[in-house]
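> Take this sequence and fold it.
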Amino acid sequence: MRICQVIDFWPAAHRVWGGAEQASRRLVEELERRGVRNRLVTTLPDAGIVTGLEHRPLRTVEDLIDYRHPRSPRSRFFSYLQFFKNLFQCDPVVLFQSRSLCRRPRPDLFHFHNFRRLSFAVLLRAILARVPRVLTVYDYWFFCPRETLIRPSGEKCSDYHGPACLDCLKTPPRYRLMTRLRRPVFNFFLRRFQAIIFLSEASRRLGLDYGLEKDRTLVIPQVYDFRAPETLPGAEFGEYLVYVGWVQERKGLHVLLAALAAAGPQLPESLKLLVVGETEKVDPAYVARVHRLVERLKLSGRVRFLGRRPQPETAGLVSRARAVVIPEQWENMSPVVLVEAMHYGRPVIASRIGGIPEFIEDGRNGLLFEPGDAAGLARKLVEIIRDPGRAATLGRNAAADAGRIWNTELNLERLINLYRSHAHA
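Numbers count the residues shown, from 1 in each chain. From the prediction side, this is the model:
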């Protein structure tokens, strides 16, 4: 069986990637080990090459705009194509380049992951060639232009994309048609998938509320290759808490910092917070705000920003932590760091939001607090640090649950059976 895997960025080849890309890479590697051949379709690499896989990098319209000379005829032409892409979520450049993807050897099925940059152009090629298509949903780009279903005020949004987005995004008048067309365009393409995979029941319920057909949606937890970390860094920091993720407002690092300051007098002075995640390419304004907050709360001696780390090193840091804190502020389906922390038997303190409560049962295999509640998080931090015996019990229960929930063999078997059922239909 030959599967065409479509994803914007690949950890080995691109500078910017996150949990969804890690999950996709692990899935493809496990499929390869089981004899499923994969053709990888991504945007142009900017950090390395893909080895061990057939790789088809595609240019996007953004790659062809000369941003140094935006008024040149070439840039103006491709800027018009970019406007078309934003209007119909279909990149004409990608559509042109992908014309050979369905030729010999013809793929049995297309599996789409995060592909916002590539747009629906590759999907359109698969539709025209009548090759079956499945989709895995990692975030809410398909239902919300902000990807989070959270309004700027912090309230949860259940309007999905449509007229309500005009105020939420503060859309200039010239882009209002784009906003109004978004839902019909997305609905057209979403109906063209034979199956839509979610990572948790909470996110599947959200998809059903949006209007997806129940018989085309299912839950398959992310595939995780549980191996011992290659290295165990972190000894130089002594005892520490760890936060792993993008340094973005929706990830809630500011809530964790406020909680750490509130709990400070009740925590050992030697306890550190290690922040592992990209700080340079995502949200500079929020990163600056976080650093100012660290200074204002007098946390400079307790917080260490480590930046992005290779995945084996990150796993090692997680495996030694006193606790792993996941202060999400949005409907995250299944954070990768949650899987790692539970597998390594680390106590987890996480927001009660999205898919997280499906995996963490408060007081049994971790602790939950309400999103944005810094005081509640502070109490949970004190509870974990001051009672090592209870922390160890939570960790043991989490490790036992991780092996059951993220059963690699079972989840891969379900996915491969799904591939076969649609590829041979």
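> For the stretch 201-350 of the chain, which residues score under the pLDDT cut-off?
Scanning the stretch 201-350 of the chain for pLDDT under 70 picks out the ranges 225-237, 281.
> quick one, helices of it?
With helices called from DSSP state H, counting those that start in this stretch, the stretch 201-350 of the chain shows them at 201-210, 253-263, 284-296, 311-320, 336-343.
> With respect to burial, which of the ones you listed scores highest?
Between the helices of the stretch 201-350 of the chain, helix 336-343 has the highest mean count of neighbours, a mean of 25, where neighbours are mean count of other CB atoms under 10 Å. Just so you know, the C-beta spots here come from the backbone N, C-alpha and C atoms, and that holds for glycine as well.
> Export only the CA atoms of that one, formatted as CSV.
Output of helix 336-343 as CSV, limited to C-alpha atoms (Å, rounded to 0.1, in the frame of the first residue of the first chain):
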residue,chain,number,x,y,z
VAL,A,336,2.4,15.7,22.8
VAL,A,337,4.1,16.7,26.1
LEU,A,338,1.1,15.2,28.0
VAL,A,339,1.7,11.8,26.3
GLU,A,340,5.5,12.0,27.1
ALA,A,341,4.9,13.0,30.8
MET,A,342,2.4,10.3,31.4
HIS,A,343,4.6,7.6,29.8
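> now the angle from that helix to helix 311-320?
50 degrees (axes from the mean of the first three to the mean of the last three CA atoms, to 10 degrees).
> by contact count, what packs against helix 336-343?
If you count contacts as 3 or more CB pairs under 8 Å, 6 or more residues apart in numbering; DSSP states H and E, helix 336-343 packs onto helix 19-33, helix 311-320, strand 323-326, strand 348-351, helix 356-359, helix 388-405.
> between these, which gets nearest to residue 372?
With respect to residue 372, and counting by CB to CB, the nearest of the helices and strands packed on helix 336-343 is strand 348-351 at 8.1 Å.
> now the helices and strands packed on helix 336-343 as TSV including distance to residue 48?
Output for the helices and strands packed on helix 336-343, formatted as TSV (distance: least, CB to CB, whole Å):
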stretch	distance to residue 48
helix 19-33	13
helix 311-320	14
strand 323-326	29
strand 348-351	32
helix 356-359	33
helix 388-405	31
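> So for residue 206, which of the ones you listed sits nearest?
Among the helices and strands packed on helix 336-343, helix 356-359 comes nearest to residue 206, with 12.7 Å by CB to CB.
> got the contact list for the closest one?
Helix 356-359 has contacts (CB atoms under 8 Å, 6 or more residues apart in numbering) with 200-202, 326, 328, 332, 334-335, 338, 342, 350, 368, 401, 405.
> Then stretch 278-298?
Here stretch 278-298 makes contact (CB under 8 Å, 6+ apart) with 15-16, 18, 246-249, 253-254, 257-258, 260-261, 299-300, 303, 305, 307-308.
> now swap in stretch 249-257 and tell me
Stretch 249-257 is contacted from outside by 148, 150, 243, 245, 247, 273, 275, 277, 283, 286, 289-290, 293-294, 297, 299, 303, 325, 327-330, 351, 371-374, 377, using CB under 8 Å, 6+ apart.
> Residue 48 against residue 11, yeah?
No: using CB atoms under 8 Å as the test, residue 48 is too far from residue 11 to be in contact (9.2 Å).
> Looking at the two, which is more packed in?
Between residue 48 and residue 11, residue 11 has the larger neighbour count (other CB atoms under 10 Å), namely 19 against 12.
> from memory that one sits against residue 19, does it?
No: Residue 11 lies out of contact with residue 19 (CB under 8 Å); the separation is 10.5 Å.
> Filter the contacts of stretch 249-257 down to the buried ones.
In the contacts of stretch 249-257, burial by neighbour count holds for 148, 150, 243, 245, 247, 273, 275, 277, 283, 286, 290, 293-294, 297, 299, 303, 325, 327-330, 351, 371-374, 377, counting by 16 or more other CB atoms under 10 Å.
> Just those residues: which are in strands?
Taking DSSP state E as the definition of strands, those contribute 243, 273, 275, 303, 325, 351.
> Please name the bridge partners of the residue nearest to the fourth one when sequence neighbours are not counted.
Just to be clear, that refers to residue 303. Using CB to CB, 6 or more residues apart in numbering and skipping residues adjacent in sequence, the residue nearest residue 303 is residue 273, 4.8 Å away. Residue 273 has these beta-bridge partners by DSSP bridges: residue 241, residue 303.
> Pretty sure residue 273 sits against residue 302.
Yes: here residue 273 reaches residue 302: they are 5.9 Å apart, a contact under CB under 8 Å.
> and for these two, which residues touch both?
With CB under 8 Å, 6+ apart as the test, residue 273 and residue 302 both reach residue 260.
> Quick check: the residue located most distally from the centre of the chain vs residue 87, distance?
Outermost residue of the chain with respect to the C-alpha centroid, by CA atoms, centre = their mean, is residue 73; its distance is 37.2 Å. Using CB to CB, to the nearest Å, residue 73 is found at 21 Å from residue 87.
> which one of the helices and strands packed on helix 336-343 lies closest to residue 2?
helix 19-33 (10.7 Å).
> And the closest one, what does it pack against?
strand 2-6, strand 37-43, helix 336-343, helix 408-423.
> Strand partners (parallel or antiparallel) of the first one?
Read that as strand 2-6. With DSSP bridges as the test, strand 2-6 is paired with strand 37-43 (parallel), strand 109-112 (parallel).
> the inter-axis angle of it versus helix 19-33?
Going by the same axes, to 10 degrees, strand 2-6 makes 170 degrees with helix 19-33.
> what is the orientation angle of strand 2-6 with helix 408-423?
Using the same axes, to 10 degrees, the direction of strand 2-6 lies 100 degrees away from that of helix 408-423.
> Need the residues that contact strand 2-6.
24, 28, 31, 36-41, 101, 105-113, 115, 118, 122-123, 126, 131, 419.
> Likewise for the longest one?
Outside helix 408-423, the residues that touch it by CB under 8 Å, 6+ apart are 1, 3, 27, 30-31, 34, 36, 108-109, 111, 132, 134, 194-195, 197, 218, 220-226.
> can you tell me which residues contact the residue lying closest to residue 218 once chain neighbours are set aside?
Spatial nearest neighbour of residue 218, excluding adjacent residues (CB to CB, 6+ apart): residue 197 at 6.1 Å. Going by CB under 8 Å, 6+ apart, residue 197 touches 134-137, 217-220, 415, 418.
> In CSV, list these along with neighbour count and distance to residue 170.
Below are these laid out as CSV (neighbours: other CB atoms under 10 Å; distance: CB to CB, whole Å):
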residue, neighbour count, distance to residue 170
134, 21, 35
135, 24, 30
136, 21, 31
137, 24, 27
217, 19, 32
218, 15, 37
219, 19, 35
220, 17, 37
415, 23, 40
418, 18, 41
